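In: Quick one: sequence plus predicted model below, questions after.
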Amino acid sequence: DAGVIQSPRHEVTEMGQEVTLRCKPISGHNSLFWYRQTMMRGLELLIYFNNNVPIDDSGMPEDRFSAKMPNASFSTLKIQPSEPRDSAVYFCATLDRGGTTEAFFGQGTRLTVV
Amino acid sequence: DQQVKQNSPSLSVQEGRISILNCDYTNSMFDYFLWYKKYPAEGPTFLISISSIKDKNEDGRFTVFLNKSAKHLSLHIVPSQPGDSAVYFCAARDNAGNMLTFGGGTRLMVKP
């Protein structure tokens, strides 16, 4: 398996634009997490899904953020409209709840909003 | 309110010596703890874990200790190597839903 695949790796956009980050989980993994890494807060959990269903989105900072998981092999994190303070590295991680406990991370998307 | 805290943002250690990274948590419902290592421009990778029913887990140069009464865990690396230089994240699993909560990370620098 190629691991968790995130795209794009880098995204530079102007304030006010819509940004969509994508994640392809490891095949068979049934939990998916979106994290944001910043200098101030480290790795903060935004939202997670179990079996494609959102379980906890309390970490989503504002209504500008939304996430979907239409099927077991794809998830998106959307920011609309984007703001400079959204600049961070966004990670997707997945795990198999019936298997080992550790989550596997993608390489992240570095988002810069100018 | 941060449920998992790593109070040392950075640590510098000489090659060959022991590195000790610390982590504190507040949620008594955490039942599994993990350490991840992160290199620049890469995603975090799993390093070692420990169940709440144990107080020690060892894997080669890496040992994790858990003190449940103090809600504290630590990662020991001995001997430290320059390739260990990275950011280390402590994480805890919520037994209700497999959610992983991370600390803020500690940047370890191992000097040759």
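Out: Cool, got the structure.
In: Can you list the low-confidence ranges for chain A?
Out: A:1, A:99-100 (pLDDT under 70).
In: Can you tell me which helix or strand of chain B has the lowest average pLDDT?
Out: Lowest by mean pLDDT, DSSP states H and E among the helices and strands of chain B is strand B:100-102, with a mean of 89.
In: Can you give me the buried ones in whichever helix or strand comes after it?
Out: Proceeding N to C from strand B:100-102, the next assigned helix or strand is strand B:106-111, under DSSP states H and E. Within strand B:106-111, the residues scored as buried using 16 or more other Cβ atoms under 10 Å in any protein chain shown are B:106, B:108, B:110. C-beta: built from backbone N, CA, C; applies to glycine.
In: Check stretch B:47-66 too.
Out: Neighbour-count burial for stretch B:47-66 [16+ other Cβ under 10 Å]: B:47, B:48, B:49, B:50, B:52, B:62, B:63, B:64, B:65, B:66.
In: Within range of chain B, give me the residues from chain A.
Out: A:4, A:31, A:33, A:35, A:41-45, A:48, A:50, A:55-56, A:91, A:93, A:95, A:97, A:101-108 (Cβ under 8 Å from any Cβ of the partner chain).
In: Apply 6 Å and report the result again.
Out: Applying Cβ under 6 Å from any Cβ of the partner chain, we find that chain A lies next to chain B at A:31, A:42-43, A:48, A:55, A:91, A:97, A:101-103, A:105-108.
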